[in-house]
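Enquirer: The sequence and its predicted three-dimensional model are supplied below.
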Amino acid sequence: MEFNIKTINKENLDLLAGLADEAKNEGFNLVQKTIDEWVNGANRFSKVGEILWGVFYNGQCVGLGGLNIDPYAGDSKVGRVRHLYVSKEFRNRRIAAGLLERIIERSKDFFTVLRVSTHKPGTANPEADKFYEFMGFAKADGEKQTHILIIKDNGQE
């Protein structure tokens, strides 16, 4: 099975539609939110250090993950993992881990800290919590983040 990782841009944004429908059926709006924010210009992953990747299998997008400057941090050196989602059929094949490893690696050139929120207030996502903790993130208390990963400490890796 060969997977390809591609940068998502305006030319291939439409390939996310099927993944958005699947995510929505599972109760997750994050892929549709990615599409909507791209279309309305709210987030096109275009600032310094930002990127959005899709994982493709036979031309179908089966995974998504992005990196933004954290809009809630007030500091351009704080990155945020965004909209990490993998199709149910393709889970447990290290796709999410591979995407997150790629996001972490890229963040080293631009950010000192990575933050993520695995749920909205009043909801929980224990599977996502376990995943980020397994990947080296520490639990964090805060309104806009549930987990944090220190990338650099005072400019040192």
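Expert: Thanks, I have it.
Enquirer: From the chain's centroid, how far away is the host helix or strand of L19?
Expert: Here L19 sits within helix 17-25, counting by DSSP states H and E. Helix 17-25 sits 16 Å away from the centroid of its parent chain (CA atoms, centre = their mean, to the nearest Å).
Enquirer: And the strands in this protein, which stretches?
Expert: Along the chain, the segments classed as strands by DSSP state E run 4-7, 51-57, 60-69, 78-86, 113-116, 138-139, 147-150.
Enquirer: Looking at the ones you listed, spot the one closest to Y132.
Expert: The closest approach between Y132 and any of the strands of the chain, judged by CB to CB, belongs to strand 147-150 at 4.4 Å. Where C-beta positions appear, they are placed from N, C-alpha and C, glycine not excepted.
Enquirer: Check which residues of the longest helix seen in the chain are buried.
Expert: Here the longest helix in the chain is taken by residue count, with DSSP state H as the criterion, and it is helix 95-107. The neighbour-count check on helix 95-107 (16 or more other CB atoms under 10 Å) flags 95-96, 98-100, 102-104, 106-107 as buried.
Enquirer: what's the answer for stretch 102-121, then?
Expert: Using 16+ other CB under 10 Å as the test for burial, stretch 102-121 gives 102-104, 106-107, 110-118.
Enquirer: what angle do the lowest-mean-pLDDT helix or strand in the chain and helix 95-107 make?
Expert: Evaluated with mean pLDDT, DSSP states H and E, the helix-and-strand set of the chain has its lowest mean pLDDT in helix 126-134, which scores a mean of 93. Relative orientation of helix 126-134 and helix 95-107, computed by axes from the mean of the first three to the mean of the last three CA atoms, to 10 degrees: 50 degrees.
Enquirer: could you dump helix 126-134 to PDB, C-alpha only?
Expert: Listed in PDB are the C-alpha atoms of helix 126-134, where the atom choice follows Å, rounded to 0.1, in the frame of the first residue of the first chain:
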ATOM      1  CA  PRO A 126      -9.900  10.200  25.100                       C
ATOM      2  CA  GLU A 127      -8.400   8.500  22.000                       C
ATOM      3  CA  ALA A 128      -6.900  11.800  20.700                       C
ATOM      4  CA  ASP A 129      -5.600  12.500  24.200                       C
ATOM      5  CA  LYS A 130      -3.800   9.200  24.400                       C
ATOM      6  CA  PHE A 131      -2.400   9.600  20.900                       C
ATOM      7  CA  TYR A 132      -0.900  13.000  21.600                       C
ATOM      8  CA  GLU A 133       0.600  11.800  24.900                       C
ATOM      9  CA  PHE A 134       2.000   8.800  23.200                       C
END
